[in-house]
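Visitor: With the sequence up front, the predicted model follows.
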Amino acid sequence: DAKTTQPNSMESNEEEPVHLPCNHSTISGTDYIHWYRQLPSQGPEYVIHGLTSNVNNRMASLAIAEDRKSSTLILHRATLRDAAVYYCILREGAQKLVFGQGTRLTINP
Amino acid sequence: NAGVMQNPRHLVRRRGQEARLRCSPMKGHSHVYWYRQLPEEGLKFMVYLQKENIIDESGMPKERFSAEFPKEGPSILRIQQVVRGDSAAYFCASSPVEGVNTEAFFGQGTRLTVV
């Protein structure tokens, strides 16, 4: 399984942007970059995914490096409800999502 | 369109009993995945099923655990002769089609406690 590296934890303030980095230097040409998050006591929730181009949706933006060896999840204006563990995952043809340790995001009021 | 439904949400079993966890995927989804999350740990893949077929069971313990996804009805994760170490949250996810360009939708999980 392809691997990703994320910081264990990050902290930000409410209503400020948050940039969550992810390194995936062994990514293959057909791997999509997926982001999920898990709020306390809940199941994981899909956030966003992309292949090569930057992606935007109502939840977040995904910036993908030109060489695809890293990516950044951007929360444009964090709220307290965004406090969660964020997972960066490379999804291969086997379909299963392989979760690492993720980044625990704390939002300060 | 209801989301992925898991039941029960909480399940208490005594050591040696059987636990049956049910997962109804989203409408139109034919791919189901089961994950286990031990307290204070990450999500571990267990098994991937399509209707009536097990596609990948590389994360399933060799004994006591089994999974099925019949043609009709929900997917079932079955744990026989439960032990305290089986206490965990079990999450189910579903996807609509095969391929890497689709997202998976997760249920709220079943929290199993073995006493």
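Guide: On my side now, so go ahead. Model, not experiment: these values are computed from the prediction.

Visitor: Show the contacting residues for residue 38.
Guide: By default, I'm working from chain A. Applying CB atoms under 8 Å, 6 or more residues apart in numbering or on different chains to A:Gln38 gives the contacts A:Pro44, A:Glu45, A:Ala84, A:Val85, A:Tyr87, A:Gly102, B:Leu43. Heads up, the C-betas are built off the backbone N, CA and C, glycines and all.

Visitor: Hmm, no, I was thinking of chain B.
Guide: So B:Leu38 contacts B:Lys44, B:Ser87, B:Ala88 (CB under 8 Å, 6+ apart).

Visitor: Output the below-cut-off pLDDT ranges for chain A.
Guide: A:1-2, A:93-94 (pLDDT under 70).

Visitor: is it fair to say B:Val47 lies in a strand?
Guide: Yes: with DSSP: H, G, I helix; E, B strand; the rest coil as the criterion, B:Val47 is part of a strand.

Visitor: Can you verify my assumption that it contacts B:His31?
Guide: No: counting by CB atoms under 8 Å, B:Val47 sits too far from B:His31 to count as a contact (11.5 Å).

Visitor: what does chain B have sitting close to chain A?
Guide: B:4, B:31, B:33, B:35, B:42-45, B:48, B:55-56, B:59, B:91, B:93, B:95, B:98-101, B:103-109 (CB under 8 Å from any CB of the partner chain).

Visitor: Which ones among those map onto strands?
Guide: Mapping those onto strands (DSSP state E) picks out B:31, B:33, B:35, B:43-45, B:48, B:55-56, B:91, B:93, B:95, B:105-106.

Visitor: Any of those residues buried? List them.
Guide: The neighbour-count test (16 or more other CB atoms under 10 Å in any protein chain shown) applied to these identifies B:His31, B:Tyr33, B:Tyr35, B:Leu43, B:Phe45, B:Tyr48, B:Ile55, B:Phe91, B:Ala93, B:Ser95, B:Phe105, B:Phe106 as buried.

Visitor: quick one: contacts for the spatially closest residue to the last one that is not a sequence neighbour?
Guide: Leaving out its chain neighbours, the residue that sits closest to B:Phe106 by CB to CB, 6 or more residues apart in numbering or on different chains is A:Gly43, at 3.8 Å. For A:Gly43, the contacting residues are B:Val4, B:Phe91, B:Ala93, B:Phe106, B:Gly107, B:Gln108, B:Gly109, taking CB under 8 Å, 6+ apart as the criterion.

Visitor: Check those and tell me the two furthest apart.
Guide: For the contacts of A:Gly43, the farthest-apart pair by CB to CB is B:Ala93 and B:Gln108; their separation is 11.4 Å.

Visitor: Can you say which of the contacts of A:Gln38 are buried?
Guide: By 16+ other CB under 10 Å, these give A:Pro44, A:Ala84, A:Val85, A:Tyr87, A:Gly102, B:Leu43 as buried.

Visitor: Centroid-wise, who is the farthest residue in chain A?
Guide: Relative to the centre of chain A, the most outlying C-alpha is that of A:Pro109, 22.1 Å out, by CA atoms, centre = their mean.

Visitor: shouldn't it be in contact with A:Glu14?
Guide: Yes: between A:Pro109 and A:Glu14 there is a contact at 5.3 Å, judged by CB under 8 Å.

Visitor: hey, what's in contact with both of the two?
Guide: A:Leu80.

Visitor: Nearest residue to the middle of chain B?
Guide: Residue closest to the average C-alpha location in chain B (CA atoms, centre = their mean): B:Trp34, at 3.5 Å.
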